[in-house]
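[1] Provided below are the primary sequence and the corresponding predicted coordinates.
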Amino acid sequence: MIQHIHTQIFETANGWVVSVWFDKGLAALTLPQESPGEAIYAIERKLSSWKDRNAFFVPDVPAEELDELLLHFQKLLLDYYNRLPVVFNIPVDLSWCTPFQFHVLNAIQAIPYGSTLSYRQVSIAAGYPKAARAVGNAAGSNLTPVVIPCHRVIMHNGKLGGFSDKIDFKKMLLDLESSNVRL
DNA sequence: GAACGAATAGGCA
DNA sequence: TGCCTATTCGTTC
């Protein structure tokens, strides 16, 4: 049962993003969109797949009512898109996912900024050594891209693999992270 | 119970 | 490299 819903919409260096928060933490996040309207459309698409939670709406919350956590997150995300090596130490609501998805997403969240893992390596880290393909499915169900860095999971041969929202986003995020990492 | 992927490994040209 | 096939596995319908 959802008791509180908060939403944020703001502009980053790469475009407009919307985040949705439930009591347990960040529930969904969009990738940067060209306009506020497109960002809202993107978040609605994500939330429409939230089948366990049918009746809910997305209210607008004035900026002054956002609590510290939301402001903290906004700063982190702005820094991230300004190419700073950000660690998203915020609570994420994963109550929607299956045990397998939970383990996989946790393994992915542990991947450091600027580095990558293969789907197979993630499957091993999550405790399911042969489930590389299923890892792809779980990654695709992730509602909080960037915070749970599913873009850091690529194919074992170095190719990018797939991505829910256009593969261009995956490439863009990896480029963004690699651009400030010293070798 | 069958079909579907954001996969992988091995084989062959 | 590139393409093909068999194998694998959680999720969804």
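    Received it, and whenever you're ready, just let me know what you need.

[2] need the contact list for residue A:174.
    A:116, A:151, A:152, A:154, A:160 (CB atoms under 8 Å, 6 or more residues apart in numbering). Heads up, the C-betas are built off the backbone N, CA and C, glycines and all.

[3] Spell out which residues make up each domain of chain A.
    Domains of chain A are assigned by automatic domain parsing as A:6-81, A:99-178.

[4] and DNA strand B, which of these is closest to it?
    DNA strand B lies closest to domain A:99-178 among the domains of chain A, at 1.9 Å (CB to the nearest atom of the strand).

[5] what pLDDT, on average, does the closest one get?
    Mean pLDDT, domain A:99-178: 96.

[6] any bit of it sitting next to DNA strand C?
    Yes - remark: domain A:99-178 sits within contact range of DNA strand C at A:99, A:100, A:101, A:128, A:130, A:131, A:132, A:133, A:134, A:137, A:138, A:141, by CB under 7 Å from any atom of the strand.

[7] Are any of those buried, and if so which?
    In terms of neighbour count (16 or more other CB atoms under 10 Å), the buried residues within the residues of domain A:99-178 next to DNA strand C are A:100, A:101, A:128, A:131, A:132, A:134, A:138, A:141.

[8] Just list the residues touching the fifth one, thanks.
    The contact partners of residue A:132, taken as CB under 8 Å, 6+ apart, are A:118, A:119, A:120, A:122, A:123.

[9] among those, who's most crowded?
    residue A:122 (26 neighbours; other CB atoms under 10 Å).

[10] Three-state assignment for it, please.
    For residue A:122, the secondary-structure state derived from DSSP: H, G, I helix; E, B strand; the rest coil is helix.

[11] mind listing the strands for chain A?
    Taking DSSP state E as the test, the strands found in chain A are A:6-12, A:15-22, A:25-29, A:117-118, A:153-154.
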